[in-house]
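Student: After the sequence you'll find the predicted model.
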Amino acid sequence: MAPRYPTILNLEAPELEEDIGDLSPYLSLPSSTSSQASSSTSTFGASTSLAGLTDGELDDVIPIGSTLALDTLDTPTNTRFPRQLPSPSVPSLSNLPERPQQISRSTTVPETLHLKKESSRVHKVREELQALSRDPATVAKMRRWIMGIAVVEFDLDSGPVVEGIYPPLDLLPTELQNIAFCSFPDSMQFDQGSQTYSFRIREQSSTQLMPNRRPTEDGFIYGFSHFIQRRDSSSKRGYSQRSLVILTQYQYPALYSGVSNIIGPLFGEHGTPMLEAACHNIATWPDPTLGKTLELGFLGTVLHVEIPHSIDSQQVTATSSFNEKYDPKSHILAMSAPFTPPPILLFEACLPNLWSIWECLVLCEPILIFGTSPAQTSQAVWWLRDLLRPIPLAGDIRPYFTMQDSDHAQLVNKLPPKAGLLLGVTNPFFEKSCMHWPHILSLGRRIPAASPRQKSPSLGSSAGPAPGWKTRTHKRYISKDRVLLKQLELAIRGGDNARMDASLALRRHFCSRSTQLIAPLARYLNSLIPSPTEVHHARKATATLSTYTPIISSTSSLNSPAASPMSTYSSPAFKSSVSSTSLSSSSMPLHNAARGHSALRLKPFNTAHFFASLKAHGSTLPFKSTSKRTEFYERWLKSPAFGAWLAQQEQIVQTILNEAPASIVSTPPSRSATPATTPARA
Amino acid sequence: MADSASGTADKSVQVKLVLLGEAAVGKSSVVLRFVSNEFQPNKEPTIGAAFLTQKCRLEDRILRYEIWDTAGQERFHSLAPMYYRNAQAAVVVYDVTKASSLEKAKSWVKELQRQANPNIVIALAGNKVDLVQSSASSPSAASPPESEDEADDATATPGETAGSPSEPESLRQVPREEAQAYATEAGLLFFETSAKTGEGIVDIFTEIAKKIPIEHILAATRGTSGRPGASGSRVEATRQPGVNLEEDATKGKDACNC
C-alpha cells in the first residue's frame, strides 16, 4: 500500500473534515449555489483557454512547488480561515478574503499585477509540460496503464482549468471541463492540506478520430485527483490550489488512489520532472494482465497489486496471491475501494441500515450519496460498487459528481433517477435538486439530535442532509446479521486496527451475500446448459455448415419478460456500466465469442421455472419470509442487473460450448467456466 | 551466486537497494549485468529511475533485491531522496576514466550518510575498468563504448576517441588506490567493475548481501552473520559494522533535499 509521506500538508483526519466541511472554496453560500451554478455554466466557453493573457513581464514569477507558500506552513497563526472565497464563476475582485496577518506585500500590490503574476505562473506549468520528453514508445507503454497525468490549476477568471496533460492527450473541451471541475472539491475541506479522491466522467463519443487517444474500456474516463491547497499570499484568493490527476481507462480505484497518493505530494515538492519520472516508471511496468499479481515499482515505493480476473469478479481478502497473508497496508486489490481511512467510518451513522443499502444496491435502486468531501463520496461509491460483485454493474456510477458536469442535466433533473445510478456529491445543492430521489445516503458520523449541526452562522440553513440513511420506498427483505452489527458498533469506537478489521469483515459479509443472491439463479441456469448429447448432435449438424453465423446475444428469443433489458447489453463483460444512451458507442469490442456453432447456446430463461427451482432448493440468503424471497427475486429479475448478468452468462456458456474441437474460438473466457461456478465464499 | 528468481513462495528477505552516481558512468549497465547478465552498448539515459528485482541466495538465505536505478542527470537529482528513503543498501558508481565522477560519487556518499537510513550499506563501484586494462581483449578499444550517451553529459567515454589501444592505462583518471583509500576512510565497500565484461558485478551484490543486517530486517535476534564468503571478498577494510557518519564532518555541505 502506498506509504504516507509524513507531510504536514496531510490533513485527512475525519474530525478535521467534519467541522469545516460546510465551507466552500468557491461556492460561498449554499443558499446562492443554484444561481451560481447556472452562471458558472455560462462561463464555460472561456474556461479552457487563457492564452490571451501575457506573461513574462514580471521577474518574480513564482516557481512551481513554490517555497513561498511553504514558508507560511510553519506559522500556525489563526485556526479560522476566510470563509468566503471568491466564486470561480463570479470572480469578485473587490471581495478580498480576510487575511489573518496584517498588511502583507501582496495586498498592497495593485490587482492587475496579481492577475498577471498568477497567469504567468500557470503558463509556466504549461510550458514545462510541453518541454518534457515524449518518446512515442515510452508513451505507448505507459498508456497500457494510464492515459496521462493532468495538472489542474485554479484560474481566477475561469475557475478550475486543466493546465496541461503529460504526455499530451487529446481531450474534447467538454471532457477537459469535466475533468477540471471534478478535480477540485466543491466544498472547503481544510485551510491547508491535501486530499486524494476519484471521479468518473463520460468519454465523449467522437474520440475515435483523435491521434493521441485510444477508446476507453467502458466509455468512461477515471480520474484520481490529489488536491493540494496552501496559503499563498501571491494569489488573489489567498490560496494556491492545484490538483494532480491520474487519468486512466481502468476502474481500479485502490491501485490508482495509491498511485495518486504517492505522486501527488511529490509533484508538490518537485514539480514537472516528477511527471516525467512517473510516466517512465509506469512504462516499465509489466502488462496489466487480468488475474495477475504484480509488483510495481513506483517512485521509490513497491506496490503489490492483484489485478482481478474480470471486472465483475470478486477480489477476496482471503487471497493467496501475495504469497503471504493479506495486509491492507501493503497489498492492493486493484478493484476494491481504497481502504484508508477505514471505510466503516463512512457508514457510522447508518450501520443498522447497511442491509437495506445493500438491497437497494443489488436491486439497482438509484442512490444519492452525500458526503462532506469528495474523498468520502468516492470511497463510498467505490465501496458500494465493489460489494455488488459478482453481479455486473448495470447503472452509472459517479464517485464524485459536480453541478458543472456536462452530464448534470441528464442525471439530475425532474424525472425519476436512472436505475442503478450511484451519485456521489458534496454540494448541498443536490439535496434540493434530488428531493424526489428515493434514497439518500449521507456519510459520516451521526449528529446527536439534541445539538444541531455545528454551523457558522453566516451559512444559514442546512448544508446537506444529516448523516444517515433515508429511504422513501424501501422495505427490507433479508435479515440483518446482528452479530456483525454488534461487532461494527464496537469497532467504530475502537482504534484504527479494529476499524480496519471490521471494514474487511463487512466487505466479506456483503461480498458473500452478493454471491448468495446469484446462487439460485446459477443453479437454475445450469439446467439450461445443453446436455452432452445435445452438444454432440448440434456439432454434427453444424459441421456441415462451414460458415459462422453471427448471432448477437440471442436474448430476444427469450421467453422471460425480464429478458428485455439484456438486449441493450451486448457485451457487459467489457461494457460493464453503460447507461442506455452510450450503448451504441463504437468502442465496444466485437462480439467474438458469438461466432462458431450457432446452434449451441443456453436454453431460454423461464421465470416460472426459475421460481419453481427457487422454491425447491431455497436460498442461503436469510430472507425474512418465503414471500419476501419471492418478492425480492421478482424485483431482481426486473432489474437491469439481471439482464446484464444473464447476457454475460450466456456469452460464457456459448464460448465454452463452441470452444469445441477444431472450432474458431478467438477469445477464451476470462471468468469462471460455467455459470454454476460463481466463486464460493465462506 | 545470483541465480534468477524462481517462482517459489520462498520467504525471502527484501532489500531495497539504490544506485546513484553521475550521468553516464554505467549505473543501468551494472544493474542490467546483475539482473539479466547482459550488456547493451549505448544505453539510453534513465529518466527518473528504473525498478528491477533480483533474487540471490546467500548461504542458506534468500535475498531479494529491489533495485532502484536512478537517473544521473542533474535535473533528477532532487528526486533521489524518494529512492534512497528506507533503502538498506546503495551502490554509488563512478567511472574510472573520469575523475570528476568520483567527486560526484563522494557527494552522493555524503548525502546518503547524512540523510539515508543510518544502517545503510554503501558500496563504491569504479565502473568501466575494462577500458583501462591493457591485457583485456584486444578489440575492446574499437568496440562501442558502454556509456549512456546523454545530452547534458559532455564527456564521451574515452575509449571511443582514443586512437591507440596500446596504452589503455593512460585513460585511467582515478587510481585504484585513491578510490580504495577513500572507501576505507568513509566505511564503504569498494570494487572496480566492468558492466561490459561482468567483472566485479556479482561481487558487489554478494558483499552487500553479507554486510546487510538481515537479522535486523527480519527482526530476529540472532547475531550478525559476519562470515565472509571465500570468493570475491576483495575488501577487508570494510568489515567494521555500519557506516561512520563522523568522518565527513569536515566536508562541505551539499544539500539536496529540497
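Tutor: Good, I have the coordinates. Predicted model only: the values in this text are computed from it and were never measured.

Student: Looks to me like A:Gln410 is in a helix.
Tutor: Yes. Per DSSP: H, G, I helix; E, B strand; the rest coil, A:Gln410 lies within a helix segment.

Student: separation between it and A:Leu421?
Tutor: Distance, A:Gln410 to A:Leu421, using CB to CB, to the nearest Å: 10 Å. The way it works is simple: take the backbone N, C-alpha and C, and place the C-beta from them, glycine included.

Student: For the two, indicate the residue with more neighbours.
Tutor: For A:Gln410 versus A:Leu421, the count of surrounding residues by other CB atoms under 10 Å in any protein chain shown is larger for A:Leu421: 20 against 14.

Student: The residue lying closest to the more buried one once chain neighbours are set aside: what's it in contact with?
Tutor: In this structure, A:Leu421 finds its nearest non-sequential neighbour in A:Pro366, 4.1 Å apart by CB to CB, 6 or more residues apart in numbering or on different chains. By CB atoms under 8 Å, 6 or more residues apart in numbering or on different chains, the residues touching A:Pro366 are A:Gly395, A:Pro416, A:Pro417, A:Lys418, A:Ala419, A:Gly420, A:Leu421, A:Leu422, A:Leu423, A:Trp437, A:Pro438, A:His439.

Student: pLDDT score for A:Pro366?
Tutor: Predicted confidence (pLDDT) for A:Pro366: 97.

Student: Would you mind measuring from it to A:Thr377?
Tutor: For A:Pro366, the distance to A:Thr377 - CB to CB - is 15 Å.

Student: For residue 114, report the pLDDT, please.
Tutor: Chain wasn't specified; assuming chain A. pLDDT, A:His114: 43.

Student: that's the wrong chain, I meant chain B
Tutor: Listed pLDDT for B:Arg114 reads 96.

Student: Secondary structure element holding it?
Tutor: Assigning secondary structure by DSSP states H and E places B:Arg114 in helix B:99-115.

Student: does chain A sit close to that helix?
Tutor: No. Shown here: helix B:99-115 not in contact with chain A (CB under 8 Å from any CB of the partner chain), separated by at least 13.5 Å.

Student: which strands and helices sit next to that helix?
Tutor: Contact here means 3 or more CB pairs under 8 Å, 6 or more residues apart in numbering or on different chains; DSSP states H and E; on that basis helix B:99-115 packs against strand B:13-21, helix B:80-84, strand B:89-95, strand B:121-127, helix B:176-186.

Student: run the last query once more with 6 Å
Tutor: strand B:89-95 (3 or more CB pairs under 6 Å, 6 or more residues apart in numbering or on different chains; DSSP states H and E).

Student: Can you name the residues of chain B that neighbour chain A?
Tutor: Neighbours of chain A within chain B, by CB under 6 Å from any CB of the partner chain: B:Ala9, B:Ile47, B:Gly48, B:Ala50, B:Phe51, B:Glu66, B:Arg75, B:Phe76, B:Ser78, B:Leu79, B:Met82, B:Tyr83.

Student: Out of these, which end up buried?
Tutor: Among the residues of chain B next to chain A, those that count as buried by neighbour count (16 or more other CB atoms under 10 Å in any protein chain shown) are B:Ile47, B:Gly48, B:Ala50, B:Phe51, B:Glu66, B:Phe76, B:Ser78, B:Leu79, B:Met82, B:Tyr83.

Student: which two from these end up farthest apart in space?
Tutor: Maximum pairwise distance in these, criterion CB to CB, is 21.7 Å, between B:Glu66 and B:Ser78.

Student: between the helix holding B:Arg114 and strand B:89-95, how big is the angle?
Tutor: 160 degrees (axes from the mean of the first three to the mean of the last three CA atoms, to 10 degrees).

Student: Pull out the buried residues from helix B:99-115.
Tutor: B:101-102, B:104-113, B:115.

Student: what's around the residue of the stretch 351-500 of chain A found nearest chain B, how many residues?
Tutor: Proximity to chain B, evaluated over the stretch 351-500 of chain A using CB to the nearest CB, is greatest for A:Asn497 at 18.9 Å. Residues contacting A:Asn497 under the criterion other CB under 10 Å number 10.
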